[in-house]
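Undergrad: here is my input, please return the structure:
(chains A and B)
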Amino acid sequence: GAGVSQTPSNKVTEKGKYVELRCDPISGHTALYWYRQSLGQGPEFLIYFQGTGAADDSGLPNDRFFAVRPEGSVSTLKIQRTERGDSAVYLCASSFKGNSPLHFGNGTRLTVT
Amino acid sequence: AQSVTQPDIHITVSEGASLELRCNYSYGATPYLFWYVQSPGQGLQLLLKYFSGDTLVQGIKGFEAEFKRSQSSFNLRKPSVHWSDAAEYFCAVAPGGSQGNLIFGKGTKLSVKP
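TA: Below you'll find the model as predicted:
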């Protein structure tokens, strides 16, 4: 079946602009996670949704980052006033429920110029 | 604070040779431990995981890992490497007992010589 889908696969934006990254999880998966992977680093946890609500947003680096999942399926990660340090691959993962194995998407590569 | 250390940034092995990738973790109790593989242009894929019980765990693609509490290690092994194993490998720990909020190491890139 279809895996986790992330769009766009690549996004180039100018410093100070606003961006939205989309994640479409596997159908029926109630848990959804966002991670950020900077160059030469492992993925870093950002936020976890169980259904529509953010169960754990402790990894969001600052208030420029926000994520929503209004209908408990698709999620959007929103970054305001982007900075060059936000350049990274943003990974989305979903799981059947909160304590099941993660299925990762291929990521969105964000470049802030 | 919990952390994961993968001491080797890059390893090259010959096809058919054995492989061991090192992983050390820092955590107060016995954590959940994972190995993931990331091939170019693809998402992370779970190779295997350890929660409790038998300290030698088998995973997909012929990989295994051994949990050693005394050494705080969870090294990944494969007896005979195939060219298709070339990828980046990440060790991860789940300090909260959840499989989702993971702390990853920086990864080890594996190259395979023909």
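Undergrad: buried residues in stretch B:24-31?
TA: Within stretch B:24-31, the residues that qualify as buried are B:Asn24, B:Tyr25, B:Tyr27, B:Pro31, counting by 16 or more other C-beta atoms under 10 Å in any protein chain shown. In this view, the C-beta of every residue, glycine as well, is placed from N, C-alpha and C.
Undergrad: of all those, which comes closest to chain A?
TA: The closest of the buried residues of stretch B:24-31 to chain A turns out to be B:Tyr25 (C-beta to the nearest C-beta; 12.6 Å).
Undergrad: quick check: that closest one touching B:Tyr32?
TA: No: with contact defined as C-beta atoms under 8 Å, B:Tyr25 does not reach B:Tyr32; the gap is 10.3 Å.
Undergrad: anything in contact with each of those two?
TA: The contact sets of B:Tyr25 and B:Tyr32 overlap at B:Val93 (C-beta atoms under 8 Å, 6 or more residues apart in numbering or on different chains).
Undergrad: neighbours around the residue in chain B positioned nearest to chain A, how many?
TA: Scanning chain B for the residue nearest chain A gives B:Phe104, at 3.1 Å (criterion: C-beta to the nearest C-beta). For B:Phe104, the number of neighbouring residues by other C-beta atoms under 10 Å in any protein chain shown comes to 21.
Undergrad: which parts of the chain are strands?
TA: The chain I'm using is chain A. Using DSSP state E, the strands assigned to chain A run over residues A:5-7, A:10-13, A:19-24, A:31-37, A:44-50, A:53-56, A:65-68, A:75-79, A:88-95, A:103-104, A:108-112.
Undergrad: let me rephrase: I mean chain B.
TA: B:3-5, B:10-14, B:19-21, B:24-26, B:32-38, B:44-50, B:56-58, B:64-68, B:73-78, B:87-94, B:103-104, B:108-113.
Undergrad: can you add distance to A:Ala55 and mean pLDDT and give those strands back as CSV?
TA: Formatted as CSV, the strands of chain B follow (distance: least, C-beta to C-beta, whole Å; pLDDT from 0 to 100):
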stretch, distance to A:Ala55, mean pLDDT
strand B:3-5, 23, 94
strand B:10-14, 36, 97
strand B:19-21, 32, 98
strand B:24-26, 24, 94
strand B:32-38, 17, 95
strand B:44-50, 21, 95
strand B:56-58, 28, 97
strand B:64-68, 28, 97
strand B:73-78, 26, 98
strand B:87-94, 14, 95
strand B:103-104, 17, 94
strand B:108-113, 31, 97
